[in-house]
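1. using only what follows, build the 3D model:
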Amino acid sequence: MCKSSPSTEKIQQWWVTAQAKGADYIRILDPKRRNRYYALEACKHKQKARISQISLATTDKTLAVNEKRRLLATQDSSDPEAVIQQYYQSQLEEAEVCEKNSKYERRRIARTKTAKTNYSRLHAHLQPFCEQYCIRNVCELYKREIVGAYLSYLRKTVPVRSTAKAIVKTTKAMLRWYDSFQAKALINQEYFEAIARYGSKLGYEKEPEKPFLSEDQCRQILATETSDIELRATIIAHLVCGLRDMEVQGLRWRDLNEKAGNILVSEAKGSIPRYTQYPTIMQDAFAAIRRSRTHHLFPSDYIFSESSYGVRNSKIKFFLRAVVGVTGKDFSSNCLRRSGADLIDTEYPGMGDRQLGHSANSRTTENHYHNHHNFRAVNRFWDGIWEDIKSKGLHLINLSDVQIDLIRISA
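-> This next block holds a predicted model:
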């Protein structure tokens, strides 16, 4: 006669009772000869003292591991294993946010795959490191000496430099995520300096600085029109509004607010909506797209037609090479975003990062960036540039694989 498995509520109640007695960790007990089922044992992690145990009445180790992860994820703990599991679950939830249709199914699958990859990296490298150095609180990973020990550990255990770099990047992303839930900031500039200082131990140097376009080049780009209306609007969205490629493609007509002078970026990075400016030059570009459509436009319709990232990025690179004469992999949509933000920072310091929607190492991002709606000053800045450009006249460029014709248009 098979033993019935305990219910989820019963297992949860057992874990709550064990926590009340001082348990802070769960061990999986393998089946013995007298008991062929897996069991969970609650214990004090430091003393390894047994508190209690419960039989799962299952011979499947996968079910036992999943049950252990579920219980550790529900506890309010700073144990590294529990935090890694919670981070993995949050990434899976963000992946499910993507709409399940033909346009965003690939993005959902890609995010799910990325979440599994990140979890495998943390589970295979960060968790053993914490066990080896007896790190029971994830807050200790923010200390400089622990950062150095972790990077030294990776240098010895991970022979491939690119893999070690990817593991460090994943670890930093998880620590930023955990830091966003804390009442007091754990990540500061000293932490990032420690990462950079010990980075040479992994065998790679600091990445070269990304290129920026000058103010004259930015003006020349804005003064150049193309027969491809959507391409021009995309370039302006990157340069003037600081939108990422996925944010541009996710814009809908209902996200535009001319009265308030802002755009709601509903499909922003990290699945956290934010706002950005909506100056006249961007309004004119969207108005041209609206006039070019022959069918009725609903508020829920996407502004840009569907196309692959490779095609859009190739057009942008070809446009930049033809207009301002820059070439290279770094001169793309991200280069336009950085250049526009740098141009704004010269007039309004701090507004550049707000435009880009960066949330690198500040817990104030949620309140300071995403809830910021007033962009009137930045709109006036871009409106002044746009009026000056129109007064001097625009150019029309015809992009083709054979030749490029530059035609002067009177103001």
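2. just say helix, strand or coil for residue 40.
-> Here residue 40 is strand, with the state taken from DSSP: H, G, I helix; E, B strand; the rest coil.
3. surely it and residue 65 touch.
-> No - in this structure, residue 40 is not within contact of residue 65 by Cβ atoms under 8 Å, at 10.3 Å. Glycine gets a C-beta too; all of them are placed from N, C-alpha and C.
4. quick one: which of the two has more around it?
-> residue 40 (22 against 12; other Cβ atoms under 10 Å).
5. distance of the more buried one from residue 123?
-> 19 Å (Cβ to Cβ, to the nearest Å).
6. please apply the same query to residue 252.
-> Separation of residue 252 from residue 123 (Cβ to Cβ): 38 Å.
7. and these two? Which one has more around it.
-> Neighbours per residue (other Cβ under 10 Å) separate residue 252 from residue 123, with residue 252 holding more: 17 against 14.
8. residues in contact with the more buried one?
-> Residues counted as contacts of residue 252 (Cβ atoms under 8 Å, 6 or more residues apart in numbering) are 266, 299-303.
9. can you rerun that using 7 Å?
-> Residue 252 is in contact with 299-303, counting by Cβ atoms under 7 Å, 6 or more residues apart in numbering.
10. what's across from it in the sheet?
-> residue 302 (DSSP bridges).
11. which pLDDT value goes with it?
-> Note on residue 252: pLDDT of 90.
12. show me where the chain has its strands.
-> In the chain, the strands defined using DSSP state E lie at 25-29, 39-44, 49-55, 224-226, 256-257, 262-265, 274-277, 395-398, 405-408.
13. show me what the third one is packed against.
-> Using 3 or more Cβ pairs under 7 Å, 6 or more residues apart in numbering; DSSP states H and E as the contact definition, the elements that strand 49-55 packs against are helix 8-20, strand 39-44.
14. and those, which is most packed in?
-> Mean neighbour count (mean count of other Cβ atoms under 10 Å) peaks for strand 39-44 among the helices and strands packed on strand 49-55, with a mean of 19.
15. what's the angle between that strand and strand 25-29?
-> Angle of strand 39-44 versus strand 25-29, following axes from the mean of the first three to the mean of the last three Cα atoms, to 10 degrees, is 150 degrees.
16. how far does strand 39-44 sit from the chain's center?
-> 36 Å (Cα atoms, centre = their mean, to the nearest Å).
17. orientation of it relative to helix 8-20 in degrees?
-> 20 degrees.
18. which residues are contacting strand 39-44?
-> Here strand 39-44 makes contact (Cβ under 7 Å, 6+ apart) with 15, 18, 22-29, 49-56, 67-68.
19. mean confidence score for it?
-> Here the average pLDDT along strand 39-44 is 80.
20. with just CA atoms, put that strand into CSV.
-> The C-alpha trace of strand 39-44 is given here as CSV (Å, rounded to 0.1, in the frame of the first residue of the first chain):
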residue,chain,number,x,y,z
ALA,A,39,12.0,13.6,3.2
LEU,A,40,12.7,17.1,4.2
GLU,A,41,14.7,18.0,7.3
ALA,A,42,14.5,21.4,9.0
CYS,A,43,17.7,22.4,10.8
LYS,A,44,19.7,25.3,12.1
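21. partner strands of it, with direction?
-> Counting by DSSP bridges, strand 39-44 is paired with strand 25-29 (antiparallel), strand 49-55 (antiparallel).
22. residue 119 is nearest to which of those?
-> strand 25-29 (18.3 Å; Cβ to Cβ).
23. pLDDT below threshold where in the stretch 51-200 of the chain?
-> Within the stretch 51-200 of the chain, the segments meeting pLDDT under 70 span 69, 72-77, 93, 96-108, 181-200.
24. quick one, phi/psi of residue 332?
-> phi -140, psi -160 (degrees, to the nearest 10).
25. what segments of the stretch 101-250 of the chain are helices?
-> 105-121, 127-132, 144-157, 161-179, 189-198, 215-222, 229-239, 245-249 (DSSP state H, counting those that start in this stretch).
26. buried sites along the second one?
-> Right, the one you point to is helix 127-132. 127, 129-130 (16 or more other Cβ atoms under 10 Å).
27. how about low-confidence regions in the stretch 251-400 of the chain?
-> In the stretch 251-400 of the chain (pLDDT under 70), the answer is 270-271, 307-309, 350, 357-374, 398-400.
28. please report how far the closest residue to residue 248 other than its chain neighbours lies from residue 155.
-> Of all residues not flanking residue 248 in the chain, residue 237 sits nearest, at 4.8 Å (Cβ to Cβ, 6 or more residues apart in numbering). Separation of residue 237 from residue 155 (Cβ to Cβ) stands at 42 Å.
29. tell me which of these two has more neighbours.
-> Taking other Cβ under 10 Å, residue 237 and residue 155 do not tie; residue 237 has more neighbours (28 against 16).
30. quick one on the thing from earlier: adding distance to residue 354, write the helices and strands packed on strand 49-55 out as TSV.
-> Shown next, in TSV, are these (distance: least, Cβ to Cβ, whole Å):
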stretch	distance to residue 354
helix 8-20	42
strand 39-44	47
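31. out of those, which comes closest to residue 149?
-> strand 39-44 (24.8 Å).
32. how close does residue 21 get to residue 44?
-> 9 Å.
33. no wait, residue 283
-> Taking Cβ to Cβ, one finds residue 283 at 63 Å from residue 44.
34. give the contact list for the residue nearest to residue 123 when sequence neighbours are not counted.
-> Excluding the flanking residues, the one nearest residue 123 by Cβ to Cβ, 6+ apart is residue 84, at 6.4 Å. Residue 84 makes contacts with 119, 122-123, 126-127, 174, as judged by Cβ under 7 Å, 6+ apart.
35. turn the residues you listed into a markdown table, including distance to residue 144.
-> A markdown table is the format used below for those (distance: Cβ to Cβ, whole Å):
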| residue | distance to residue 144 |
| --- | --- |
| 119 | 26 |
| 122 | 21 |
| 123 | 25 |
| 126 | 17 |
| 127 | 21 |
| 174 | 18 |
